[in-house]
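Trainee: I need the structure of the sequence given here:
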Amino acid sequence: MKIEDAIKQSKFKNEYEKLVVNILYTAGWIELEISRIFKEYGITIQQYNILRILRGQYPKPATINMLIGRMIDKMSNASRLVDKLLAKKLVVRNICKNDRRKVDVLITQKGLEILSLIDDRTEFRKILVSSLNTAEAKKLNQLLDKTRTKENKIK
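Mentor: From the prediction side, this is the model:
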């Protein structure tokens, strides 16, 4: 569906404004679709992001600061997210023996199993695969990466 039809707006100032609106709208659409899947497992997108980072670190633990630095949503409260995952027994938290201010977080087997179940969900992959082939996805990734270059930062 064209962005004009989706948001009922026929005119934009220029193609760049249209592109920004289109990216924001599409990001929201993807987030909504993915949230429906995560809800079945009792986790949010931000909690999934923490679990995904911890799986990448496994079997090594991660610190809260490491999680903050690697999170997609930089506005999320990593400590609060870890507390919620801890309550669900998806992570464990250990105070470092050498530095009591440092807390190590490690994904549990249950957390790994939930990620595996989500990975196996065909709808998760189909959200974009049904509309983009591999070459188009690669090109879109390149264009989005190019958009985020340091030279393009708003000052």
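
Trainee: Can you give me every residue that contacts Y58?
Mentor: 106-107, 112 (C-beta atoms under 8 Å, 6 or more residues apart in numbering). C-beta here means a position set from N, CA and C on the backbone, and glycine is covered the same way.

Trainee: Repeat the analysis, applying 6 Å as the threshold.
Mentor: Y58 makes contact with I107, according to C-beta atoms under 6 Å, 6 or more residues apart in numbering.

Trainee: Next up, phi/psi of it, please.
Mentor: Backbone geometry at Y58, expressed as degrees, to the nearest 10, gives phi -50, psi 130.

Trainee: measure it to E136 for me?
Mentor: Per C-beta to C-beta, to the nearest Å, Y58 is found 32 Å from E136.

Trainee: Now do the closest residue to G42 other than its chain neighbours, the pLDDT please.
Mentor: Residue nearest to G42 in three dimensions, not counting chain neighbours: K88, with 6.6 Å by C-beta to C-beta, 6 or more residues apart in numbering. Looking at K88, its pLDDT reads 97.

Trainee: do the one 4 residues further on as well
Mentor: What the model reports as pLDDT for V92 is 97.

Trainee: For the helix or strand harbouring it, which strands pair with it and how are they oriented?
Mentor: Under the criterion of DSSP states H and E, V92 resides in strand 91-95. In the sheet, strand 91-95 lines up against strand 103-107 (antiparallel) (DSSP bridges).

Trainee: Name the next helix or strand downstream of the partner strand, please.
Mentor: For strand 103-107, the following helix or strand on the C-terminal side (DSSP H and E) is helix 109-120.

Trainee: on that earlier part again, tell me the buried residues in the strand holding V92?
Mentor: For strand 91-95, a neighbour-count test (16 or more other C-beta atoms under 10 Å) marks V91 as buried.
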